[in-house]
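Q: test case, fold it:
(one chain, ligands or ions: 1)
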Amino acid sequence: MSSQPNNAIPKYLQESEVSQECKDLIATLPMEKGWLASHLHQYQGFWYFTRQLQGVLSCQKHFNNSLNSDILIVTTPKSGTTWLKALTFALLNRHKYPKMFENHPLLTKNPHFLVPFLELDLYNDKDLVPDLNSIPSPRLFSTHLPYVSLPKSVIDSNCKILYLCRNPKDTFISLWHFTNKLKLDGTSTNSLEDSFKKFCNGVSICGPFWEHVLGYWKESLDQPKKIMLMRYEEMKKNPSFVLKELARFVGCPFSKEEEDEGVIDDILKLCSFKILSNLEVNKKGKLSSGEEHRAFFRLGEVGDSNNYLTAEMIEQLDIITEKKLGHYGFRF
Ligand code: A3P
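A: Sure thing, here's the model as predicted:
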């Protein structure tokens, strides 16, 4: 682990700002180079950059009051988290902000501010444990944690989990762009070939990708009232259908009047890539963890990976996906 001066670099790269407990654990964990900060650490079967691991440990230890009314957005990184956060926030707050294009919080706040990450935001500081008791219900949080690593209180409560994933080809390309943008020093850009090898071997942020998806896929079959699984591609293809399903799942379905008045279309428009990515707040500014807001908006399309991956790479990812997920009845 490096020990850089901390005020010069963004929080997500501050590797020395972790607790002694985290440092001791890291000394025992498998380690790999790459992607974002100098190392990834494998904890409970999944890979995290150093600062993220601090947050994982802290939220596992301290997020012990998950409520039945909580809603947790869980995603594999780069599968559309920002979009789902915006949609869910707008859905739950539609009565509070009926004039969506006038005074809606999404017009002035980034979706990650409105729906904070447990491990990357709320519990990311080694010395601070947030008091979340005063947040009105339903509380809306998010995480990239795999099912096996969720805090025990999340498993034990009847909170709702909204799980979103995206086909691994586009997820990989999106992650490759994102991490290169966030690395800061243009000199050490991750090469596509090297990153691809790592991704296929399961070594990516919160990877292995396939095991992450599989964990939630299996649980969503066993616990359909608790976990709703969504695919980015489905959301792009039929957003109003997915939004209606989502509304029903979290217990606030759209009324016939709302449908007739165009509330669904308004929410979809407000949360569209075109609107969100062009808002001033999302063109500048940073998250509390240091990432620039604009890094979360690139292209927002299905199939962009075809512009980057060779036919062999595509075939290789398809084979892995079929082998690891198709066998369990899951396909993108
Ligand atoms: P691309 O890099 O393929 O463009 P996450 O939010 O999980 O970090 O995922 C980021 C990906 O979602 C990026 O994909 C980003 O462009 C896309 N995205 C962000 N906002 C979106 C929106 N409102 N609608 C659709 N896609 C969106």
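Q: go through stretch 188-197 and flag the buried ones.
A: Within stretch 188-197, the residues that qualify as buried by neighbour count (16 or more other C-beta atoms under 10 Å) are 190, 192, 195-196. Bear in mind the C-beta positions are built from the backbone N, C-alpha and C, glycine included.
Q: do stretch 26-41 as well
A: 26, 34-41.
Q: what about the residue of the stretch 101-250 of the chain found nearest the ligand, helix or strand, and which?
A: Closest residue of the stretch 101-250 of the chain to the ligand, C-beta to the nearest ligand atom: S174 (3.3 Å). Assessed by DSSP states H and E, S174 sits inside helix 168-182.
Q: same deal with L229?
A: strand 227-231.
Q: now do whichever helix or strand comes after that strand: which elements does it pack against?
A: For strand 227-231, the following helix or strand on the C-terminal side (DSSP H and E) is helix 232-237. Secondary-structure packing of helix 232-237 (3 or more C-beta pairs under 8 Å, 6 or more residues apart in numbering; DSSP states H and E): strand 160-165, helix 239-249.
Q: which other residues reach helix 232-237?
A: If you take C-beta atoms under 8 Å, 6 or more residues apart in numbering as the criterion, helix 232-237 is touched by 79-80, 83-84, 164-167, 170, 241-242, 301-302, 332.
Q: and the furthest pair within those residues?
A: Across these, no pair lies farther apart than D170 and F241, at 20.4 Å, counting by C-beta to C-beta.
Q: alongside the ligand, which residues does the stretch 201-332 of the chain contribute?
A: The stretch 201-332 of the chain has residues 271-273, 276, 296-300, 304 near the ligand, with proximity defined as C-beta under 6 Å from any ligand atom.
Q: right, I mislabeled it, should have said the stretch 51-200 of the chain
A: Close to the ligand, as judged by C-beta under 6 Å from any ligand atom, the stretch 51-200 of the chain has residues 75, 77-83, 170, 174, 177.
Q: need the contact list for the closest residue to V74 other than its chain neighbours.
A: Distances taken as C-beta to C-beta, 6 or more residues apart in numbering place Y163 nearest to V74, at 4.8 Å, with adjacent residues excluded. For Y163, the contact set (C-beta under 8 Å, 6+ apart) comprises 74-75, 216, 220, 227-230.
Q: which one among these gets closest to H62?
A: V74 (18.3 Å).
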